[in-house]
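> quick one, structure for this:
(one chain, ligands or ions: 1)
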Amino acid sequence: MVSRVIPVEPFDLVIFGGTGDLARRKILPALFRRFCAGQMPEEARIIGAARSEHDTDEYKAMVRDAIVEFVGEDDAQADALAAFVDRTDYVTIDARGTDGWVELAGKMREGCVRAFYFSVAPALFGDLAERIHVNGMATDQSRIVVEKPFGHDLATARALNDTLAQHFDEGQIYRIDHYLGKETVQNLMAIRFGNMLFEPLWNSQYVDHIQITVAETVGVGGRGEYYDKAGAMRDMVQNHLMQLLCLIAMEPPAKFDPDAVRDEKLKVIRALDEVEPHHIVRGQYEALDGEHPGYREAAGDPRSSTESYIALKTHISNWRWAGTPFYLRTGKRLVARSSVISVVFKDAPHSIFGPEAGRHANVLSIRLQPNEGITLQVTIKEPGPGGMRLVDVPLDMTFAEALGPESDDPPDAYERLIMDVIRGNQTLFMRGDEVEAAWAWADPMIAGWKARGEVPKPYESGSVGPDQADQLLRRDGRVWRGIKP
Ligand code: NAD
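Residues are numbered from 1 along each chain as shown. A predicted model of the protein is given here:
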């Protein structure tokens, strides 16, 4: 496979929160990898801006350490690392005060793309937008990048959209959902809209149901306190699983352009039915043999009623999908790390092989991680004598095997997304109305279980989640697909 790298225009990228965890672990390593790939032009500059007092040399040392820690130390890249670090600069700044702003404005160059990455607590987003504006740094070439979480509910998301809109046009606001930057998530669109094979079957006439699973083996770790205020619904379903649902269910956009794609996604979200309380299962993981703490201990609240697992059934009320349920589930400390979308087709309408042949359905599974690829389960005759016995076998394509070693190490989501910001391409970013519509769908569920005082069901660490989630499907005569590494 030949990779094509198209260099982007010269840019000034300011990372507010440039000393924080996300900057060190994701943003700076992503920029370094793009630099090594030859995508960053000579004139590109990265300016860290954060509250901590550092001079530029100290910041450069911090950037170097972050790259060595999160990309690895490679002798072959020593020169590249030195050249990359050379492009970085630092300003001590207070998002809520006046310190540093004049200095930062003085560093901005005229006539090139300016990207301001808000890698700070969401409470500071409004302050940053305002100060960029007041200090004369907002030009037509400027854009802001906003990290998750985008709001805590519809009211806060709307307030945040309104605040940002006072200073920037929607076309300048890049709301990151890093799931959309994953190579395999983009592949969902290629699989659906690049192949004639699937489209005629892609509707409720042929699809029995769809399952979307995002399973993690990690617990909440050091993020317990933050996570406890969010839970799986806010942290995963309202954003990441919702985006997957949109890509799998949306109508073909007329073209692959930001608004055409986002218009179609928005229609899906707006067509989602309200989820019935008995179609939601929430869980909390228990401690594992004294090895790992249980959720409540990790969250620091022995009475926490926040969910670390959620499974739900929803419907999309439109012509294509009426009658086809979508089952979503995500959780922490599950048996394996696995993100898979399974499109389960209906049984053949009549079996010419008689009842003893059993029931067989085709399943198209799209594995997002790990082992990105697709599997199509087809029914064949079991080899050998003994009559017509049917068996399901997988037609399996692992992208790394089919496309060569380069696809085994796809670019990190942040690499793709940051370069899209510089290019001015918003296709893989969430629009304000999309985010609000997703909250409008999620809020009543959260309000409902709070009002009913529901407590999440405990589940064993290393399991597939609470038993009640199995019942959710069993009641409908269906079963979850296994969660496999
Ligand atoms: P962090 O606490 O590690 O870093 C925060 C940064 O903000 C630091 O550089 C700090 O100096 C700076 N800062 C704090 N107050 C400031 C102020 N008043 N003025 C200027 N700078 C200030 O946080 P993080 O983990 O890097 O997360 C940053 C943002 O990204 C948060 O919104 C978080 O929700 C989001 N996010 C983080 C991750 C992750 O993996 N860390 C993943 C997704 C989203």
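> the ligand contacts on the stretch 101-250 of the chain?
For the stretch 101-250 of the chain, the contact set with the ligand under Cβ under 6 Å from any ligand atom comprises 119-122, 124, 147-149. Placement of C-beta: from N, CA and C, glycine included.
> from memory Ala322 sits against Asn203, does it?
No. The criterion here is Cβ atoms under 8 Å, and Ala322 misses it with Asn203 at 9.4 Å.
> and for the spatially closest residue to Pro485 that is not a sequence neighbour, the neighbour number?
Leaving aside its sequence neighbours, Pro485 sits nearest to Ala336 (Cβ to Cβ, 6 or more residues apart in numbering; 4.1 Å). The number of residues packed near Ala336 is 14, by other Cβ atoms under 10 Å.
> and Ala336, that's in a strand?
No. Counting by DSSP: H, G, I helix; E, B strand; the rest coil, one finds Ala336 to be coil, located in no strand.
> and the pLDDT for it?
At Ala336, the model reports a pLDDT of 97.
> do the one 5 residues further on as well
On the pLDDT scale, Ile341 is placed at 96.
> ramachandran angles for it?
For Ile341, the backbone dihedrals (degrees, to the nearest 10) come out as phi -110, psi 130.
> let's number from 59 now, not from 1
In the new numbering, first residue 59, that becomes Ile399.
> and the average pLDDT for stretch 534-543 is what?
On average, stretch 534-543 scores 93.
> could you point out the longest helix in the chain?
Ranked by residue count under DSSP state H, the longest helix found in the chain is helix 490-509.
> downstream of that one, the next helix or strand is which one?
For helix 490-509, the following helix or strand on the C-terminal side (DSSP states H and E) is strand 515-517.
> identify each buried residue in that next one, please.
515, 517 (16 or more other Cβ atoms under 10 Å).
> over to stretch 406-417?
The neighbour-count check on stretch 406-417 (16+ other Cβ under 10 Å) flags 411, 415 as buried.
> and that stretch, what's its mean pLDDT?
Averaged over stretch 406-417, pLDDT sits at 82.
> try stretch 143-153
On average, stretch 143-153 scores 96.
> picking up where we left off before, quick one, what contacts the residue nearest to Pro543?
Residues in contact with Ala394 (Cβ atoms under 8 Å, 6 or more residues apart in numbering) are 273, 275, 541-543.
> swap in Ala107?
Per Cβ under 8 Å, 6+ apart, neighbours of Ala107: 72-76, 148-151, 158, 162.
> may I ask which of those residues has the most neighbours?
Highest neighbour count within those: Gly76, with 30 neighbours (other Cβ under 10 Å).
> am I right that that residue sits in a helix?
No. Counting by three-state DSSP, Gly76 falls outside a helix, being coil.
> name the residues that touch the longest helix of the chain?
For helix 490-509, the surrounding residues in contact (Cβ under 8 Å, 6+ apart) are 208-209, 211-212, 215-216, 219, 223, 228, 231, 233, 291-292, 295-297, 300, 320, 323-324, 327-328, 330, 332-333, 335, 338, 340, 370.
> and for stretch 313-330?
Under Cβ under 8 Å, 6+ apart, the answer for stretch 313-330 is 247, 300-301, 303-305, 307-312, 372-376, 379, 483-485, 487-489, 491-492, 495-496, 499.
> and what of stretch 395-404?
Outside stretch 395-404, the residues that touch it by Cβ under 8 Å, 6+ apart are 246, 259-260, 264-276, 302, 306, 419-428, 536, 539, 541-543.
> cutoff 7 Å now
With contacts defined as Cβ atoms under 7 Å, 6 or more residues apart in numbering, stretch 395-404 is touched by 259, 264-275, 302, 306, 419-428, 539, 541-543.
> looking at those, which are in strands?
Mapping these onto strands (DSSP state E) picks out 265-273, 421-427.
> let me see the ranges of the helices in the stretch 359-508 of the chain.
Under the criterion DSSP state H, counting those that start in this stretch, the stretch 359-508 of the chain contains helices at 457-461, 471-481, 490-509.
> skipping adjacent residues, who's closest to Gly431 in space?
Distances taken as Cβ to Cβ, 6+ apart place Thr456 nearest to Gly431, at 3.9 Å, with adjacent residues excluded.
> sorry, that was for Leu422
Among residues not flanking Leu422 along the chain, Val401 sits closest, at 4.4 Å (Cβ to Cβ, 6+ apart).
> for that neighbour, give its distance to the ligand.
29 Å (Cβ to the nearest ligand atom, to the nearest Å).
> any idea what that residue is bridged to?
Ile268, Leu422 (DSSP bridges).
> number of residues surrounding it?
Counted with other Cβ under 10 Å, the neighbours of Val401 add up to 21.
> who are the contact partners of Cys391?
One correction, residue 391 is Arg, not Cys. Here Arg391 is in contact with 275, 277, 343, 366, 519-520 (criterion: Cβ under 7 Å, 6+ apart).
> do Pro207 as well
By Cβ under 7 Å, 6+ apart, the contact set of Pro207 is 180, 288, 292.
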